[in-house]
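[1] Let's see this in three dimensions:
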Amino acid sequence: MSTFLPRKQLNPDFARMALLSGDDYSTELSKLDSLINFSRASAGTRFNASGVLESVASGQPRFDFDPATLLPRGLLIEEQRTNYFLQSQNFGASPWVAQGSPSRTAGADTSIGVPLDLVTGAGYGDGYYQLFPSSTLPNGTVIISFFFRKGTTAQSKIEFYQNGLGDIGVLTITWNGNVPSFTYSAGAMNLGAPVQINANVWRGSFGVPSVVGSATNGIYTYPSNGASANIYWGGFQVEAGVSVTSYISTTTATVTRAADVASITSLAPWFNAASGTWAAEADTANPIGSARAFILSSNGATMLPGLEWDSDSGYARVEWYDGTHDFILYSAGVWSTTRKIATSYAAAGISFSALGEAIQTHANTMTAAPTSFYLGCYNGSSLFLNGHLKRLAYLPWQVSSGLLRALST
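    Numbering: from 1, shown residues only. Below is the predicted model of the structure:
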């Protein structure tokens, strides 16, 4: 989209910033457009240009890469999350407990920057588990994720157990050659196919709804469904939410990663309250059926069109608030993995297009100018993108319908 937009206007290309940044995150804050404020009150992780997971210091933006293709994915923006697993990378340390007679080789694969243990077991009942005492986990949906690699096993299993109910979420991993597939049972939520990290390593996940935190819960890992066999796995994470987020390493205590907050608070002289155009490209890990995710929101007496993904339906939408009423336009089709969206406004009303669809319009305008903008969240505190902001562009005039459609294509 930057083909259409002059560099003198706000036009940060976050994917290009990632490509230019390489592995040096220490100077990445300076690579943001000077109008953009960024904060995160803790360290976080990202995959670097070599496909290796690394820690990024607090206060530094995370320009993330696809570890399988090494292509830049853009600015990673996530809500606050806590990993409740202890010793997320070490089956040999408490509170992990051996069940049956498993064996392990610690750190047998370190290719992605997260050590994976090679764990051997014979049948379901031979593996390692971790209990979460009463009130350790919150009530509601939790997401379990982990990194893994094929060993000699044909099938492995992870079970989420709740005292008094038994298994309330089970994920079975089956291998076809070196390619895994997932089967979900006992109420486990399907969060998508395994994600390839490199030639050998994958990341898997599943959800467990209606967890009762006041009960004793446990997660059991079994390498093999029959004869003695092994699997590489580690980097276990259990977090409250509706989607998988970036990995949070733990040892003897839970660890919380703070939210990524990006904002624009200086609107003069570049912003035009009378007419303008926004265009963006982003992705999100939030599944359909969850809370909506903001790509762009504004703060003030009225809301300039908020660019959103409506996770309830899977449609893109633009939301406009005039001080009294909300006005919402939806895309015609469900978004794919990457979302492109554009909207323009003037005295005559607003126009909107997503993924190159036909222009939609509404005869509604602002009654007062916004005072700030937030990128990838709503007002810096909720409805986070939980994904990558790839591009964001602004022009201080309303473009033609043809150009607006092109910006979302």
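[2] and residue 402, that's in a strand?
    No: assessed by DSSP: H, G, I helix; E, B strand; the rest coil, residue 402 does not belong to a strand; its assignment is helix.
[3] What residues of stretch 99-112 count as buried?
    Across stretch 99-112, burial judged by 16 or more other CB atoms under 10 Å covers 102, 104, 108-109, 111-112. In short, each C-beta sits where N, CA and C put it, glycine included.
[4] in the stretch 151-300 of the chain, which spans are strands?
    Under the criterion DSSP state E, counting those that start in this stretch, the stretch 151-300 of the chain contains strands at 155-162, 166-176, 179-185, 195-196, 201-211, 217-222, 229-240, 255-257, 261-264, 276-284, 293-300.
[5] what's the angle from the third one to strand 166-176?
    Angular relation of strand 179-185 and strand 166-176 on a 0 to 180 degree scale: 160 degrees, by axes from the mean of the first three to the mean of the last three CA atoms, to 10 degrees.
[6] With the last one instead?
    Relative orientation of strand 293-300 versus strand 166-176 (the same axes, to 10 degrees): 120 degrees.
[7] who touches strand 293-300?
    Residues external to strand 293-300 that are found in contact with it (CB atoms under 8 Å, 6 or more residues apart in numbering): 278, 280, 282, 284, 286, 303-304, 306-309, 311, 339, 341, 368-379, 383-387, 389, 392.
[8] Of those, keep whichever come out buried.
    Neighbour counting by 16+ other CB under 10 Å classes 278, 280, 282, 284, 286, 303-304, 306-309, 311, 339, 341, 370, 372-378, 383-387, 389, 392 among the contacts of strand 293-300 as buried.
[9] about what we covered before: closest to residue 64 out of the strands of the stretch 151-300 of the chain?
    Set against residue 64 and scored by CB to CB, these come closest in strand 276-284, at 10.5 Å.
[10] contacting residues around stretch 92-111?
    Counting by CB under 8 Å, 6+ apart, the neighbours of stretch 92-111 from elsewhere in the structure are 52, 86-87, 90-91, 115-123, 125-131, 149, 198, 200-201, 220, 223, 232, 251.
[11] Got a PyMOL select line for the buried ones in those?
    Burial among the contacts of stretch 92-111 is assessed by 16+ other CB under 10 Å; the matching PyMOL selection reads:
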select buried, resi 52+86+87+90+91+115+116+117+118+119+120+121+122+126+127+128+129+130+149+198+201+220+223+232
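[12] Among the contacts of stretch 92-111, which lie within strands?
    Secondary structure of these is defined by DSSP state E; positions in strands are 116-121, 127-131, 149, 201, 220, 232.
[13] Farthest-apart pair in these, please.
    For the ones in strands among the contacts of stretch 92-111, with distances taken as CB to CB, the pair at the greatest spread is 131 and 201 (27.2 Å).
[14] residue ranges with poor pLDDT in the stretch 251-400 of the chain?
    In the predicted model of the stretch 251-400 of the chain, residues 288-291, 300-306, 309-316, 320-330, 332-338, 364-368 satisfy pLDDT under 70.
[15] Could you rerun that using 80?
    Across the stretch 251-400 of the chain, the ranges flagged by pLDDT under 80 are 286-293, 299-339, 364-369.
[16] how about stretch 109-121 as PDB, C-alpha atoms only?
    Taking Å, rounded to 0.1, in the frame of the first residue of the first chain, the C-alpha atoms of stretch 109-121 are listed here in PDB:
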ATOM      1  CA  ASP A 109      17.100 -29.900  20.500                       C
ATOM      2  CA  THR A 110      18.000 -26.200  20.900                       C
ATOM      3  CA  SER A 111      17.600 -25.100  17.300                       C
ATOM      4  CA  ILE A 112      14.800 -22.600  17.900                       C
ATOM      5  CA  GLY A 113      16.300 -21.000  21.100                       C
ATOM      6  CA  VAL A 114      14.000 -23.000  23.400                       C
ATOM      7  CA  PRO A 115      15.500 -26.300  24.700                       C
ATOM      8  CA  LEU A 116      13.400 -29.400  23.900                       C
ATOM      9  CA  ASP A 117      13.800 -32.500  26.000                       C
ATOM     10  CA  LEU A 118      13.800 -35.900  24.300                       C
ATOM     11  CA  VAL A 119      11.300 -37.800  26.400                       C
ATOM     12  CA  THR A 120      10.700 -41.600  26.200                       C
ATOM     13  CA  GLY A 121       7.700 -43.500  27.500                       C
END
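[17] Contacts only, for residue 130.
    For residue 130, the contacting residues are 85-86, 95-97, 218-219, by CB under 8 Å, 6+ apart.
[18] Out of those, grab the one that's most surrounded.
    Taking other CB atoms under 10 Å to define a neighbour, the member of those with the most is residue 85, carrying 25 neighbours.
[19] separation between that one and residue 158?
    12 Å (CB to CB, to the nearest Å).
[20] The stretch 1-150 of the chain: strands as residue ranges?
    So, for the stretch 1-150 of the chain - with DSSP E, counting those that start in this stretch - the strands run 36-39, 44-47, 53-56, 63-65, 72-77, 81-83, 96-99, 103-109, 116-121, 127-132, 140-150.
[21] packing partners for the longest one?
    Using 3 or more CB pairs under 8 Å, 6 or more residues apart in numbering; DSSP states H and E as the contact criterion, the neighbours of strand 140-150 among helices and strands are strand 116-121, strand 155-162, strand 166-176, strand 201-211, strand 229-240.
[22] Of all these, which one is nearest residue 40?
    The stretch from the helices and strands packed on strand 140-150 with the least distance to residue 40 (CB to CB) is strand 229-240; that distance is 16.5 Å.
[23] so that closest one versus strand 140-150, what angle?
    For strand 229-240 against strand 140-150, the angle between stretch directions is 150 degrees (the same axes, to 10 degrees).
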